[in-house]
Structure formats: structure tokens, C-alpha cells
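> below: sequence and its predicted model.
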Amino acid sequence: MTLSAAASAQAPAAPADMQAAQDGDIVVTGIRGSLQRNLDVKRNAIGVVDAISSEDIGKFPDSNVAASLQRLPGVSIQRSGARGEPTGITVRGFGGDFNTTLFDGRRISTATGSRSVDFSTVGSDFIGGLSVYKTPDVSLSSSSIGATVNVQFAKPFDRPGFRLAASGSGSLQDKAGRVVPAGGILFSDTFADDTFGILADAMYTRHDTQSNRVYVAGWIAQNFAGCQLAGSSDPGCAAPGALATANKNTVGWFPQQYGAYQNNVKDERIDGRLALQWQPSDKLLVTIDDNFSRQKITNDNYGYGVWFNQANLRNVQLDKNGAVTDFKQPGVSQTDFNAANGYIVNQTNLTGLNVKWDVSDNFKIEGDASFAKSWLNPNGKGGTANGDVGYGYDLMNPNFGLKVSGDSRNTLPELHNYGVGGNPTLWAPTDTLGSHVSGRSRDVNTDVVKQARLSAQWKQDDFTIKFGGDYIDDHYKLTPYGFGTSNFSQAYAGYGPYGQTKVAGVKIPASLIGGSISLDNFIPGYVGASPPNVLQYNAWDYLHYLEGLGNPQATNIPGFAYGGVPTFKGAFDLSVNPASIRNIHEKTWGLFVRANFDTEIASMPFHFNAGVREEHTDLVSSGFSRLPVSMRVNPGDPTLMTVTLSDPIPISTPNSYAFLLPSIDMKLELTDKLHLRFDASRTLTRASLSVLNPVLTVPTGPRTGSLSATGGNPLLKPYLADNFDVAAEWYYKPNSYLSVNFFLKNVSNFVVGGTTRQTIATPAGTPVVDPTTGQPAVFTVTQQVNGPEATVRGVEIAVQHVFGDSGFGVTANATLVDTNKPYDKSNRTTTGFAVTGLASSANFVGFFDKYGFEARVALNYRGEYLLQFGQPQASGTLFGSEPIFVNRSLQLDVSTSYEITPQFTVFAEGLNLNNETYSTHGRFDNQLLEVFRYGRRFTAGVRFRF
């Protein structure tokens, strides 16, 4: 990248890491060159913009885009626990859909149902740079309360002439135990006196990860009877059915399900890009490009799980907050061993055409059009099989239970009196296993985004005006394949083989079990003993074994759930629940105008930018409603219910809205080195596509005592935010600066999960009856609604310093945030609200760049934050959706490279060298929800450029 004339005028004599280009310009390479370009973008922007540029062609600072972004002030990453990969970002406390990611100014499609981009699907090797707009550019987008991230890909005219870059590497995750490859190549050249250019690149990346997870699937708030509590002399629990009429007046949170698993992931990604440019004159530039990405993620998952029902708990101990710390579940206990095997495919293609025409020295026109399509499991490829085997009930010890003795940051819950008859050596006996639930699933999603933009710009002297409009057509479809409404998952449900237990499935032959996985030191750094192991078997083989037993309707199969699943005829065929189909079509028109003025105030340069954007959105959300007709208890598993649903009823709901989004940016240069900024704007964020469905969904196989239903809301209004920034920036020496930025966001129309406890009517208009009580069934119904307002405020402090010509330097930043709506743990209403995602964060990078040697050490910290409301399996809770908090984390990464020749560089990096874990908890610190150990990753390779 060539320095601008203005930047060159401020730069000192070229150090050793600057190279002379053929045209006589100075090209800065390496870490310091990249940081100087980042600084120039920040300094010259009128709004609040941070940037990351490639250190050279084919050399982006990190192997993942999100990992690079977290080095910026106010930006922190969200990880996939099972893979440890950075998949998303949070900016100033706003994550996911609050941030818009653009490819060369275009919105990318995503088939996940969210509006955010999974950054693990974005290859970073040949990216030219990233720009993060924390204040909006109305000509680009105003649809992000957090930030707009623009990913800039390389073009042939960026650096005319022949360019070639290639890389190859191998990476090793410390527990996966094998080295896997990655490699890529980029070719760029210009022809015909630099009037035509072509750039093509391709990249293959593979990451293998073995992660360990311990989890509690939901902490449920319920009222306990006195006879359930430890030390109670109340006999109210003794007689059968007595607990139903007992006085329950002690509130407590108990773990719904507890377990652990090991996940083995193979993540393969192919990226490809082609860009063609034609410049017949200095006034006309035509660019056509195509970007392709295909990611295949294969999972092999082995673990165990135990289920607890509140009514069956005895000898319950509670701490001062009401969290259960110990209990027994006599008589109705069980142990499941789980396997899940399969893969998913994410595929995206974006094709675009861009035309820039300099009509005159003052007037310019730009047109852009693109078509993007994303697939989840294209052509029906992909899918997962799930299998549960186990034992329970009369095979268990009556003192079987769980003890919680410490904080979620360092302590695991402990099972006690486990194993057949309470014998821990019979924890996983292959001769006592019976079939339990089975599953198959495959979501087939598409998201098509068509967009067009036309803009014009007039510039004369110190005044610039830009105006235009754009159109985005987004069409999202979801078709989830599974067992639909057939309840085939419960066909062989039981807890132990037929003949050995009163709640039986079929006997599982020992030959299906391929081995076991030790749980010893399963989560390093955590105390708390685990059971000895989990069984390892293939879920597909398990399903095929059950299918091999034949048609239970034609021949008697002891252990089959007769009376529970009468439609099962021996094959686990996939079907679709029509109520789960989503079809959402959204069209948005935008008009914008932006004016820039450059003048002086008391001989100090003053830059003023004012803009406004009008956006109008039309939405149609379609689906099929299915209401409950009847409910019954599964005879093979009393913990499961079977719900019969009505025939599909088509539903289509329209919605439309329009908003005016103004923006003002001001920058005053007190001196050449000291700048002051003020910015004010209004931005919006639309609700996730996945919550805009019009259907109330009732599960067909809920757990007894845990009835739930969920519904979307296509009438949701977008979040609105009024944003204010005040900043001071001191560029005290070349490649060094100090900045302080205060920000405030007043956000309204928060989308929250409104939770109610209610009955649901059948098509006849009468409430469906719960067979366990004989009364109308009470469901916990969660539906998204627009909620209250909140204010988020904070300060970003950033410093970048290069120690002369020593080669050493540092970049560091810290972001402190808070809100007037924090989470109140003592609030027991079902309408509790708090801002999610807010956490203070800090990043430190120390580097050395000289003599062809580069080294970078990075520390990234993020404090505890509220992730979301709604825990898995926590549908029967008293106080609405229970929270999920992410514990604080600190990760250490190191990277280094050495330039053997100007063309060849060797490099290495180590990620998560301190072996940090990812962990979450519920309302209270000792309510562990999950902890992942995703290990360290080491990479070494070579780069070539010409």
C-alpha cells in the first residue's frame, strides 16, 4: 500500500522496513507499516473509525478476522466453545446482530437466521484491510447500533503489475493430536498499459479441535415443600401423591440436567475469489468480482447426561441465595450415555459489479449491484444422528444425587452414589445398557440478498456533497428436517434393557460400544471429581441397529414403546414439522445525503460532516401454525410426554416501518498533533430474522413437568439508538498516539423474551389437558416483544507507541462500560430486563519488527457479562427466562516470523498459550451452566510473495 502525499509529508526518513517501489514511491511493510496505515485512517477520518490493514500482500496480522478485530478499542470477540474459534464480535457491549459486516460495502447473506456474520467462515489470508465504523457513514449504512465492519478485499489495481503470494502451514491443537494443513495462493496482474487487471486467489484451511465440556442444562426456579428439604421432619412426602397437595413455600433453583462430553471437530474451509478490473481511461473504472466460501464442520460428540425432576428431589440443601447445593433423587434416577455424529455445510457466494465514473473534476458517480446467496446444507447434504443409551430407575442407588460446592470459574458439580446400585465401578456397564432416545436432524436453509446502490458526489474547494439511494432484498427460508411430529425419537425410549428394569428399552449389544473416554482431569484448573469415563459409540450405528430389529408393528419387539409411538414401522425417516418452516421476505429502500465542510476556527482546521438517511422496510413473514390436540405420557419413559398437534394452518403476517436517521461529525485540529471530535447520530438494528416468524411452536416431545412453547413476532420494531461521542486524540510522534473517547447510547425498542405461564387452547377452543395432573396444561410461553429503553455509556482509552528505531512497540487499549439497566439478581419478576453483552475489556500487544524478524505477544481480557436470557432446558422456571453470564477471561497469543529473503518468510504462532477456558453461569456465581476447555493451538508455515 502506498502512502498518501499528506502522510508522507508527516513521516520521517524511511527506516529499514520501508522498501522503494518501482515507481519511486515509498511502500511501508511489516508491523510498523501496517500500524502507520491504521493510524492514518483513524486520524484522517471525520467520524470514529478504526482500521486494520494487511502488513503486506498475503500477510494479514491474524489467521482469523475476529481475532484481529479484538485488538481494536471497544472490540471483543465471541467464541464457539466447541471449537474455540472466534465467531463473532462485540463492539462497545453490542454483539451479534447489532454489528453489520459488509464485503466491499455490500451486505453479505447468512443462512443461520441471524444478521451477523460467523467470522470463522471468512478467510483472512488475502484480505486487504478492515474498517470499523463506530459512528455511521450514512452513505454506507446506518443499520448497526454497535458498529459497521467493512472487509476490503484486494483488487488488481491496488498495486498494478504482477503480484504473486502463497502460503502453506500446518497447525496442531494440543488435544486433537494431529497436524492439519492450510495453504493458499494469490495471483494478480495488470495488462494493456494497466487498463485491464485480474486477481484470483484460493485458500484451503483446516482446524481440528478436541474440546471438553461440562454442563448444567438449566437452573430451574421452583417452590419446594418442607418435606423435600434436608433435616425436615415433615412427613408430607411419604405417601404417594402427597407432594402434589403439600405446602410449597421455599424458593430454590435446581439443576435440570447435568453431564459432560468430549467434542471432536474437523473444520474445513475453502475460499476463492476472482476480481476483474477495466479502466479504459482515468475517469472510468469497472470492477467485477466473485467471492466464494464453503465450510464443512464435522462433529463427533461423546458424553453422558443425568436428568433431575424437582418433584423427585429429597434431602435438598440450599445456600443463602436459594441455589441448590446438594440433593438426592431416589427411585426415579437414570444415567444416559450420549453420542452425536454428523456434519453441516455453510456455503456462500457473492457476485458484484461496481462502476465508478468521474464525470468531471468536480462530479463523480458510482453504481454498485450484487447478488449474494448462502446455503446451510446445500442440496440436502449434511445432517446429524443422536443416540442415547443408559440405565436407571430400579437399577440406581436411592442416594444418587448431585453436590455443588464452589464457584463456576473453578469448581465442577459432583455426582454422588452413582453407578448401578451405587457402585462407581459399575458406572458404565456395557451389559446393563438399554436403548433410550434417538434422533436425526438436518436444517436446510437459504438466504438470498439482492442489493443495488447508486450515488453521486460533487466536490468543490472545501465542500463535498454526496447523495444517492440503495435497495436491499433479503429472502430467508428455513426447512428443518428431523422427526417432525412423529415422535420417532421415543420409539425405543427406556432406562435399561427389557427384563432387567421396569422402565425398559431394548438391550444394547456390547459390540456397539467402541471404547471409552477418560474424564480424569477433564477440565484443567477446575476442582471437583467426575465419573471415571464416558462410552464411545457411533450414533449412526446405533440407529441402524434399532432399525435392524424390524417393524415393531408387524412383530413383537420387547422393549419397544408400544402405545407410545404407534406410527413407527422400523425406519427413522426424516420429516418436517410444518410449524417449524420459516419464510421471511424483507425489502428495504434507503435514501441518503451527506455534506462535508472543511474550514477554520481561529486558524484551527475544522471539519464538519452532516448527513441524513431515510430507510423504509416492508416485511412479510409466513409459516404454518399447529395447535396441541392432546397429550400423553410415554409408557417407555415417564419423564417424556407426547403431544399430538393439529393439521397445519397457514399464517402470513406483514409489517412495515420507516425511520429518519441523522448523523453529525465534527473534528477540530487544535494543533497538528491534537484533535478533538464530537459525533451524534441515530442508528437502528433490526431484529434477527429467526425471531420474526409468526408461529407459536409447541414441542411434540417435552419433558414431564417442563412444558414450554415459543413464538416469534414479525411485528417487532427495530432497536433505535441515539449515539454521542466525544474524543481527544494526541498524535505525539510518528506511528504513536494516545486517544480517549467517551460514548453514550440511548437505546429504545429492546427486543426481549416476554415470558408468561399460560394454557394453550386446542383447535376446539378448550385448553389441552396435562395427563399427569388431570388439569389444563400450563406452558411457559416465551415470545419476543419490544421492551424498555436503556442507556449504555463508556470510555475507550487507546495508546500506540513505537520506541524510536529500536523495532519495539506496543499497542494497548481498555474499554470501560456500564448501563442504567444492569441485571438485578434479586429481581424475581418474569418481566426483568437488563442490557446484554456489556463487559469491560482490555487488549495489550507488544511487538518487535526489525532485521526481517517480527514478533507479537497479545493479551486479551474481557470481564464478566450477561450473554442472554433463556437457559437450555429451563422452561419451567418461576421467574421468566433465567440469565446466562459469561465469566471473565484472559487469553495469551504469540506470533513470530522471519524474512529469509525478500520473497520467503517463515512464521509460527501459538494461540491460547495460557490454556484459558470458556465458562458460563446462571443467576448466581455457583450455578455453572457450561465450561469448555478448547486447548492451545500451534501453527507453523511459510509465505512466498513476488
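It's in. Bear in mind the structure is a predicted one, so any value in this text is a computation, not a measurement.

> what kind of secondary structure is Cys227 in?
helix (DSSP: H, G, I helix; E, B strand; the rest coil).

> so what does the longest strand seen in the chain touch, helix or strand wise?
Longest strand in the chain by number of residues (criterion: DSSP state E): strand 434-460. Contacts defined by 3 or more C-beta pairs under 8 Å, 6 or more residues apart in numbering; DSSP states H and E place strand 434-460 against strand 106-107, strand 363-376, strand 383-392, strand 463-482, helix 539-547. The way it works is simple: take the backbone N, C-alpha and C, and place the C-beta from them, glycine included.

> looking at the ones you listed, which is closest to Asn291?
strand 363-376 (8.7 Å; C-beta to C-beta).

> between that closest one and strand 463-482, how many degrees?
Counting by axes from the mean of the first three to the mean of the last three C-alpha atoms, to 10 degrees, strand 363-376 lies at 10 degrees to strand 463-482.

> who does strand 363-376 touch, helix- and strand-wise?
In this structure, strand 363-376 makes packing contacts with strand 106-107, strand 334-358, strand 434-460, judged by 3+ C-beta pairs under 8 Å, 6+ apart.

> buried sites along that strand?
364, 366-376 (16 or more other C-beta atoms under 10 Å).

> swap in stretch 621-639?
Using 16+ other C-beta under 10 Å as the test for burial, stretch 621-639 gives 621-628, 631, 633-639.

> and that stretch, what's its mean pLDDT?
For stretch 621-639, mean pLDDT is 81.

> and for stretch 433-441?
91.

> how far is it from where the chain is centred?
Taking C-alpha atoms, centre = their mean, to the nearest Å, one finds stretch 433-441 lying 28 Å from the centre of the chain it belongs to.

> the helices and strands packed on strand 363-376 into JSON lines, with extra columns for distance to Thr195?
What follows is those, written out as JSON lines (distance: least, C-beta to C-beta, whole Å):
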{"stretch": "strand 106-107", "distance to Thr195": "25"}
{"stretch": "strand 334-358", "distance to Thr195": "14"}
{"stretch": "strand 434-460", "distance to Thr195": "24"}
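
> ok so, going back, strands - which of the buried residues of stretch 621-639 land there?
Counted as lying in strands by DSSP E, out of those, are 621-625, 628, 631, 633.

> bridged to Trp730, which residues?
Here Trp730 sits in beta bridges with Leu674, Leu738, going by DSSP bridges.

> all helices of the stretch 651-800 of the chain, in order?
Applying DSSP state H, counting those that start in this stretch to the stretch 651-800 of the chain gives no helices.

> of the helices and strands packed on strand 363-376, which is nearest Gly563?
Nearest of the helices and strands packed on strand 363-376 (C-beta to C-beta): strand 434-460, 16.5 Å.

> so what's the gap between that closest one and the chain middle?
On the basis of C-alpha atoms, centre = their mean, strand 434-460 sits 14 Å off its chain's mean C-alpha point.

> for Asp326, see how far away the closest residue to Pro235 other than its chain neighbours is.
Closest residue to Pro235 apart from its sequence neighbours, by C-beta to C-beta, 6 or more residues apart in numbering: Cys227 at 6.6 Å. Separation of Cys227 from Asp326 (C-beta to C-beta, to the nearest Å): 16 Å.

> before we move on, back to that, buried deepest among the helices and strands packed on strand 363-376, which one?
strand 106-107 (a mean of 23; mean count of other C-beta atoms under 10 Å).

> any weak-confidence spans in this protein?
Low-confidence regions of the chain, defined by pLDDT under 70, span residues 1-30, 55-63, 81, 240-241, 244-245, 636-637, 753-755, 830-832, 875-876.

> distance to Phe597 added to the buried residues of strand 363-376, as a markdown table?
Below are the buried residues of strand 363-376 laid out as a markdown table (distance: C-beta to C-beta, whole Å):
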| residue | distance to Phe597 |
| --- | --- |
| Lys364 | 18 |
| Glu366 | 21 |
| Gly367 | 26 |
| Asp368 | 26 |
| Ala369 | 31 |
| Ser370 | 32 |
| Phe371 | 37 |
| Ala372 | 36 |
| Lys373 | 41 |
| Ser374 | 41 |
| Trp375 | 46 |
| Leu376 | 47 |
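
> please state the backbone phi and psi of Asp361?
Asp361 adopts backbone torsions of phi -60, psi -20, taken as degrees, to the nearest 10.

> any idea how far it lies from Gln460?
9 Å.

> with Gly494 instead?
Counting by C-beta to C-beta, the gap from Gly494 to Gln460 is 81 Å.

> same question for Gly774.
82 Å.

> now Phe308
On the measure of C-beta to C-beta, Phe308 and Gln460 end up 73 Å apart.

> same question, Asn655
Asn655 is 43 Å from Gln460, by C-beta to C-beta.

> longest helix anywhere in this protein?
helix 30-44 (DSSP state H).

> now that one: buried residues?
Neighbour counts over helix 30-44 (16+ other C-beta under 10 Å) mark 30-43 as buried.

> closest to Thr411 out of these?
Once C-beta to C-beta is applied, the member of the buried residues of helix 30-44 that ends up nearest Thr411 is Ile31, at 40.9 Å.

> can you tell me the closest non-neighbouring residue to the closest one?
Asp849 (4.1 Å).

> then the one helix or strand that neighbour maps to to PDB, C-alphas only?
Applying DSSP states H and E as the criterion places Asp849 in strand 841-850. C-alpha atoms of strand 841-850 as PDB (Å, rounded to 0.1, in the frame of the first residue of the first chain):
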ATOM      1  CA  SER A 841     -12.300  -5.200  28.100                       C
ATOM      2  CA  ALA A 842      -8.600  -4.600  27.600                       C
ATOM      3  CA  ASN A 843      -6.100  -5.600  25.000                       C
ATOM      4  CA  PHE A 844      -2.300  -5.400  25.000                       C
ATOM      5  CA  VAL A 845       0.100  -6.100  22.100                       C
ATOM      6  CA  GLY A 846       3.800  -5.900  22.400                       C
ATOM      7  CA  PHE A 847       5.800  -6.300  19.200                       C
ATOM      8  CA  PHE A 848       9.300  -6.300  17.700                       C
ATOM      9  CA  ASP A 849       9.800  -5.500  14.000                       C
ATOM     10  CA  LYS A 850      13.400  -5.200  12.700                       C
END
